[in-house]
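In: Provide a 3D model corresponding to the input given below.
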Amino acid sequence: MKQIRIFLLLAGLVVVFTVGALGQGASSAAAASVPQAQPAEPPPTIASTVDHEISAVEKQIVDIAEAMPEDKYNFSPENLNIPGGDYKAVRTFALQVKHVAASNYAIWSHLTGDQFPKDFMGGNGPENVKTKADIIKFLKESFALGHKAAAALTTENMSQTATGSKSTRLRLAIFAVEHAYDHYGQMVEYLRMNGIVPPASRVKSD
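Out: Numbers count the residues shown, from 1 in each chain. Model prediction:
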C-alpha cells in the first residue's frame, strides 16, 4: 500500500509539473506574439528643429554643387550672350557656391563664437579655393559650422541678441538657411542653362 501511495504521489507531481510547464510555454508564446512597444522619440527642441532645416538645405546645395561638371564651374549666364539679358559681372557657378559657404561662416560664427576668417570678406571666400573638390569641401565645412550653431540654441537663449550682431540668435540661424535657398534657386537655373537636370528634379527609379 505504501508503495502504491508513493507511486500515486509521484504521478501527481509529474502531472503538476507538466501542466505548469505547458502553461509557461503558452504564456511565453503569447508574450512573444505581442508587438513590443518602440521607444518613443524624444520631443523636438529648438536646436533639433533648426538643425533639421540646415540639413535639408545642405543636401540641396551640396547635391547641386556635385552635379555641375567641373568644366562648367566658371559658367555664368553672361556666357550665353542673351539679347537684352543683363548678366554682366554676375557670379559664376563656382562663386555662387563659395558665396553660400562664406555667408554661412559670416552668419553662423556669431552663434558659435568662431573667428570669422579675414580672407572670407567680400562674400566669395578665399581666392585660393578654386577646384571643384576644394569648393565643395569649403561648402561642407561651412554647414558643419551651421550644425554647431544649431546645437547651441536653447529656448532660453534663442531670443538673445547674438554677439557682434543686432539680430537674435534664432533669426541668424534661420536667415542663413533662407539665404542658402535663395542661391540654390539661382544655381538650379545655372544647371538648366547647361542642359543638366538638378538632382532634386530627377525622376527616381524604383
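
In: Against residue 128, how distant is the most centrally placed residue in the chain?
Out: The centroid of the chain falls nearest to residue 55 when counting by C-alpha atoms, centre = their mean (2.2 Å). Taken as C-beta to C-beta, to the nearest Å, the spacing of residue 55 relative to residue 128 amounts to 29 Å. Glycine gets a C-beta too; all of them are placed from N, C-alpha and C.

In: What residues does the residue nearest to the centre of the chain make contact with?
Out: residue 147 (C-beta atoms under 8 Å, 6 or more residues apart in numbering).

In: Roughly how far does it sit from residue 139?
Out: According to C-beta to C-beta, residue 55 stands 14 Å off from residue 139.

In: Check residue 53 too.
Out: Between residue 53 and residue 139 the computed distance is 17 Å (C-beta to C-beta).

In: These two - which one has more neighbours?
Out: It is residue 139, of residue 53 and residue 139, that has more neighbours when counted by other C-beta atoms under 10 Å, with 24 against 18.

In: and the helix or strand residue 181 falls within, what does it pack onto?
Out: Counting by DSSP states H and E, the element that carries residue 181 is helix 169-193. Helices and strands in packing contact with helix 169-193 are listed as helix 46-67, helix 93-112, helix 132-151; criterion 3 or more C-beta pairs under 8 Å, 6 or more residues apart in numbering; DSSP states H and E.

In: Report the buried residues of it.
Out: Of the residues in helix 169-193, those buried under the neighbour-count criterion (16 or more other C-beta atoms under 10 Å) are 169-174, 176-177, 179-180, 183-184, 187-188, 190-191, 193.

In: Please apply the same query to stretch 150-167.
Out: Along stretch 150-167, these residues count as buried under the neighbour rule (16+ other C-beta under 10 Å): 150, 152-153, 158, 162.

In: which regions of the chain sit below the pLDDT cut-off?
Out: Along the chain, the parts satisfying pLDDT under 70 run over 1-37, 119-121, 204-206.

In: ok so, going back, nearest to residue 118 among the buried residues of stretch 150-167?
Out: Sorting the buried residues of stretch 150-167 by distance to residue 118 puts residue 162 at the head of the list, at 19.8 Å, by C-beta to C-beta.

In: these two touch, right, that closest one and residue 172?
Out: Yes: counting by C-beta atoms under 8 Å, residue 162 does reach residue 172; the two are 5.3 Å apart.

In: joint contacts of the two?
Out: By C-beta under 8 Å, 6+ apart, residue 162 and residue 172 have these common neighbours: 110-111.

In: Figure out which of the helices and strands packed on helix 169-193 is closest to residue 75.
Out: helix 93-112 (5.2 Å).

In: Which secondary structure elements does that closest one sit against?
Out: Applying 3+ C-beta pairs under 8 Å, 6+ apart, one finds that helix 93-112 makes contact with helix 46-67, helix 132-151, helix 169-193.

In: Sweet, I'm off.
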